[in-house]
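A.B. asks: Let's see this in three dimensions:
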Amino acid sequence: MNHDSLITLSDIYKARKGITSIVGRTPLVEAPWLSQLTGAQVFFKLENLQVTGSFKIRGAANRLLNLPQAARERGVITVSSGNHGRAVSHVAGKLGIPVVVCLSDAVPANKREAIGELGAEVVVVGKTYDEAAEGAARLQEEHGLTMIHPFDDPLVISGQGTIGLELLEDFPEIDTLIAPLSGGGLLSGIALTLKSADPTIQVIGVSMERGPAMVESLRAGKVVDIVEEPTLADALAGGIGPENLYTFDMIQKYMDDAILVSEEEIAGAMAFALHKHHLVVEGGGAVGIAALLYEKVERFGQNIAIVISGGNVDLPVLVNIARDYQTTWK
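C.D. replies: Numbers count the residues shown, from 1 in each chain. Predicted structure coming up:
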């Protein structure tokens, strides 16, 4: 069955109407240095400026707002590499829904603390995202909670797709989208929106070299397990799930190219964002910048939008990177 056919542009418009009371519209700003480098118009879509620091609030809001009352009263559970858990906790708090967030030991302390401060019950399970996901599935069954999947859910994908609507309205000339690629919820939703408007728009996904689960699965032609490795792009870590129903098929259908960037390139992009644009961008949010900055994108048009997906970086990490790269972007 072609599951992505269950998600339509109409669903994304419905999502936008529903989430406006919780989710802010983010700005689209020029990136003049990258424009000069590429000879194209380059803009940043600043999802790092969402109240929870990442785009994840869009999908979380759409999923929770569509939850039946009985499920709200029982409570929800999720697994996260940090940003999704924070988004679910924030929205659940506004709606009065009890929430449990399962994290692995690999989730940075700043993200773990932020989730706890929002009133969620934080459960640390295992050393990797996949181990945390297994723990969340056990707790869900034991306590009758509703799972709020980080990416492989039609309502979550539709919520993320609202970014695409904003891009079309603010930048109707767009011919190239560059966005982070992990589980695929972000790219699937935006790509569905943009390709519905113009199938010729190029959609480019960017992952880190260390454990790029979706890219490895695409290469294999099926969902594969990967070894999770430490990375600056911790928001992109983890597998895409052996029972993936939506995002793997949608990424195969809508994405035109996948690019991998190194840890050095991610760090350079984070420093570039800070020094040139005064933007706090986490590693996972900086991969799109890295792809263009280090000339990894072979084919692109004249009107490029890069999704800056999150800014929840551990500040000592960013300070060290800024110091190490302080002479690079003068």
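A.B. asks: Tell me how many other residues crowd the residue nearest to residue 47 when sequence neighbours are not counted.
C.D. replies: Nearest residue to residue 47, sequence neighbours excluded (CB to CB, 6 or more residues apart in numbering): residue 55, at 3.9 Å. C-beta coordinates here come from the backbone N, C-alpha and C atoms, glycine included. By other CB atoms under 10 Å, 33 other residues sit near residue 55.
A.B. asks: Confirm for me that residue 55 is in contact with residue 163.
C.D. replies: Yes. Counting by CB atoms under 8 Å, residue 163 is a contact partner of residue 55 at 6.4 Å.
A.B. asks: anything in contact with each of the two?
C.D. replies: Contact with both residue 55 and residue 163 is made by residues 47, 186, 307, according to CB atoms under 8 Å, 6 or more residues apart in numbering.
A.B. asks: Kindly present those as TSV, with separate columns for neighbour count, secondary structure and pLDDT.
C.D. replies: Formatted as TSV, these follow (neighbours: other CB atoms under 10 Å; DSSP: H, G, I helix; E, B strand; the rest coil; pLDDT from 0 to 100):
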residue	neighbour count	secondary structure	pLDDT
47	28	helix	98
186	29	helix	98
307	27	strand	99
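A.B. asks: which one of the residues you listed is nearest residue 110?
C.D. replies: Distance to residue 110, by CB to CB, is smallest for residue 47 among the shared contacts of residue 55 and residue 163, at 17.9 Å.
A.B. asks: what residues are up against the closest one?
C.D. replies: Residue 47 makes contact with 26, 54-55, 163, 285, 307-310, according to CB under 8 Å, 6+ apart.
A.B. asks: Also residue 322?
C.D. replies: Residues near residue 322 by CB under 8 Å, 6+ apart: 270-271, 274-275.
A.B. asks: With residue 42 instead?
C.D. replies: 30-31, 34-35, 292, 304-306.
A.B. asks: Could you do residue 105 as well?
C.D. replies: Counted by CB under 8 Å, 6+ apart, residue 105 has contacts 124, 126-127.
A.B. asks: Same list (those) but as TSV, adding pLDDT, distance to residue 10 and secondary structure.
C.D. replies: Converted to TSV, the contacts of residue 105 look like this (pLDDT from 0 to 100; distance: CB to CB, whole Å; DSSP: H, G, I helix; E, B strand; the rest coil):
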residue	pLDDT	distance to residue 10	secondary structure
124	95	40	strand
126	93	39	coil
127	93	41	coil
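A.B. asks: What remains of the residues you listed if I keep only buried residues?
C.D. replies: residue 126 (16 or more other CB atoms under 10 Å).
A.B. asks: could you pull out the strands for the stretch 151-300 of the chain?
C.D. replies: 176-180, 202-208, 257-261 (DSSP state E, counting those that start in this stretch).
A.B. asks: With distance to residue 77, mean pLDDT and mean neighbour count added, can I get those in a markdown table?
C.D. replies: What follows is the strands of the stretch 151-300 of the chain, written out as a markdown table (distance: least, CB to CB, whole Å; pLDDT from 0 to 100; neighbours: other CB atoms under 10 Å):
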| stretch | distance to residue 77 | mean pLDDT | mean neighbour count |
| --- | --- | --- | --- |
| strand 176-180 | 25 | 98 | 28 |
| strand 202-208 | 27 | 98 | 26 |
| strand 257-261 | 31 | 98 | 20 |
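A.B. asks: for the residue lying closest to residue 79 once chain neighbours are set aside, helix, strand, or coil?
C.D. replies: Residue nearest to residue 79 in three dimensions, not counting chain neighbours: residue 136, with 4.1 Å by CB to CB, 6+ apart. Three-state assignment for residue 136 (DSSP: H, G, I helix; E, B strand; the rest coil): helix.
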